[in-house]
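**Q** sharing a sequence plus its predicted fold:
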Amino acid sequence: MVTQPSIESKESDELKPLYQQKTLQVLFGRGETKCVQTAESIDVHVKIPVLGEESRERIFSCPGRVYQKFGFHILESDDYFIGALTREVEFPLEKATYEVYMDFLELTKNWNLYRVWHYVPYINEETSSLENYRSFCKARSLAFEAFYGEGFDVKLPAASAVGIDDNKLVMYFVAGKEDGKHVENPEQIAAYKYPKRYGPRSPSFARGTVLMRDSKQVGFLSGTASIKSHESVTLSDMTEQLYTTVDNMSLVFEEMGLLFERQSYGNLMPDPVKHDRIFKVYIRRAEDAAHVRELFPKLIMATKDDHIIYLKSDICRFELDIEIEAIIEER
């Protein structure tokens, strides 16, 4: 006679996958842009060339369930809501971006947004006399306003948008139940307050977001470049652009509370002894990669435990050659 499992053991088997660690990760240098979902992970394959040794970015891990809704691949736990989408688009980008964002805001309406990443198709090219990035920004801003009203800027999380030479828009995000603190760079105008010269609607993001996870600080640094106030600066020299970018990074980290006495020697970045550090460096021209790979680790006092990804990607402003973002987690 076959012994039937008890009701308790059946329920235990059903619940067990919810408590297994699941991961959202991004794999660069792939031949096709797509999301691959399994019971254990969401893998975002991105057709952006890799300019260094690292090609895998682990965004977030937590126990929870994996499913799909509105075209997004979702990892949901009691405390966190993480997801990704790849969508083939037509140009201009405004219609598709607006639709994606309205779905995204509906999905996340009961959560606090911490970080959103975007890879925008042919970001600096123009369609109907409007740059694709500006078309994307217009739609994103209009969606936030339609969903939250005119005061939507208080909702804006850390974010980035760089180019991908593909007709697929890529988007992935981290949200949670606890409030995050959105911060700005004191030497820059908030992106959502940019003058009209940068497009019909300003970019919709904060310079950084910091939160507490398991009593430890986690900081999400938005895409950061050689900009002071709202102007692109030090444009004639890639090295100077890199120095200015690192200076802006340190200003935001200071606002997050991840470092103190920013001007002190060796204290421009969160301490690598006390923090896990992931940096992603976007470089417009592949011929600049060797110089950046040599200099950037020195500027951040990199250790073998740091995770640095170098990618070939166009930057949201055509005159800029480099952009850097980061995830910093207190140990």
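**A** The structure has been received and is ready for your questions. Keep in mind the model is a prediction, meaning the values are calculated, not measured. Numbering: from 1, shown residues only.
**Q** distance of residue 284 from residue 313?
**A** Separation of residue 284 from residue 313 (CB to CB, to the nearest Å): 7 Å. From N, CA and C alone the C-beta is placed, and that goes for glycine too.
**Q** for residue 123, same thing?
**A** 8 Å.
**Q** kindly report the same for residue 187.
**A** Separation of residue 187 from residue 313 (CB to CB): 25 Å.
**Q** likewise for residue 211?
**A** Residue 211 sits 27 Å away from residue 313, going by CB to CB.
**Q** of those two, which one has the most company?
**A** Per other CB atoms under 10 Å, whichever of residue 211 and residue 313 has more neighbours is residue 313, with 25 against 19.
**Q** can you pull the phi/psi pair for the closest residue to residue 248 other than its chain neighbours?
**A** Leaving aside its chain neighbours, residue 248 sits nearest to residue 224 (5.0 Å; criterion: CB to CB, 6 or more residues apart in numbering). Main-chain dihedrals, residue 224, degrees, to the nearest 10: phi -120, psi 140.
**Q** residues contacting residue 224?
**A** By CB atoms under 8 Å, 6 or more residues apart in numbering, residue 224 lies in contact with 207, 245, 248, 249, 252, 323, 324, 325.
**Q** residue 134: which of those is nearest?
**A** For the contacts of residue 224, the closest approach to residue 134 (CB to CB) belongs to residue 323, at 16.8 Å.
**Q** which residues does the closest one bridge with?
**A** Beta-bridge partners recorded for residue 323 (DSSP bridges): residue 282.
**Q** so where is the stretch 151-300 of the chain shaky, pLDDT-wise?
**A** 261-267 (pLDDT under 70).
**Q** show me where it has strands.
**A** For the stretch 151-300 of the chain, strands defined by DSSP state E, counting those that start in this stretch occupy the ranges 158-164, 168-176, 181-183, 208-213, 216-224, 227-228, 231-232, 275-283.
**Q** ok, the second one: who's next to it in the sheet?
**A** Strand 168-176 pairs in its sheet with strand 80-88 (antiparallel), strand 112-121 (antiparallel), by DSSP bridges.
**Q** contacts for that strand, please.
**A** 24, 26, 33-34, 44, 46-47, 59-60, 79-89, 93, 96-97, 100, 104, 108, 111-121, 164, 211, 220.
**Q** of those, buried ones?
**A** Buried by 16 or more other CB atoms under 10 Å: 24, 26, 33, 44, 46-47, 59-60, 80-87, 89, 93, 96-97, 100, 104, 108, 111-121, 164, 211, 220, out of the contacts of strand 168-176.
**Q** grab the most central residue of this protein for me.
**A** residue 117 (3.2 Å; CA atoms, centre = their mean).
**Q** quickly list what the nearest residue to that residue once chain neighbours are set aside is bridged to.
**A** Closest residue to residue 117 apart from its sequence neighbours, by CB to CB, 6+ apart: residue 172 at 5.2 Å. On the basis of DSSP bridges, residue 172 is bridged to residue 84, residue 117.
**Q** what's the local residue count around residue 172?
**A** 26.
**Q** and it, how far is that from residue 245?
**A** 23 Å.
**Q** can you check residue 64 too?
**A** Taken as CB to CB, the span from residue 64 to residue 245 is 35 Å.
**Q** okay, these two: which has more neighbours?
**A** Between residue 64 and residue 245, counting by other CB under 10 Å, residue 245 is the more crowded of the two (24 against 21).
**Q** which residues touch the more buried one?
**A** Residues near residue 245 by CB under 8 Å, 6+ apart: 224, 225, 226, 322, 323, 324.
**Q** gap between it and residue 204?
**A** Look at residue 245 and residue 204: by CB to CB, they are 21 Å apart.
**Q** try residue 219
**A** The value you get for residue 219 to residue 204, if CB to CB is used, is 20 Å.
**Q** between the two, who's got more neighbours?
**A** Set residue 219 next to residue 204 and count neighbours by other CB under 10 Å: residue 219 wins out with 29 against 25.
**Q** wait, that one sits on residue 278?
**A** No: if you go by CB atoms under 8 Å, residue 219 and residue 278 don't touch, sitting 10.7 Å apart.
**Q** what is the orientation angle of the longest helix anywhere in the chain with strand 216-224?
**A** The single longest helix within the chain, with elements called by DSSP state H, is helix 238-256. Helix 238-256 runs at 140 degrees relative to strand 216-224, counting by axes from the mean of the first three to the mean of the last three CA atoms, to 10 degrees.
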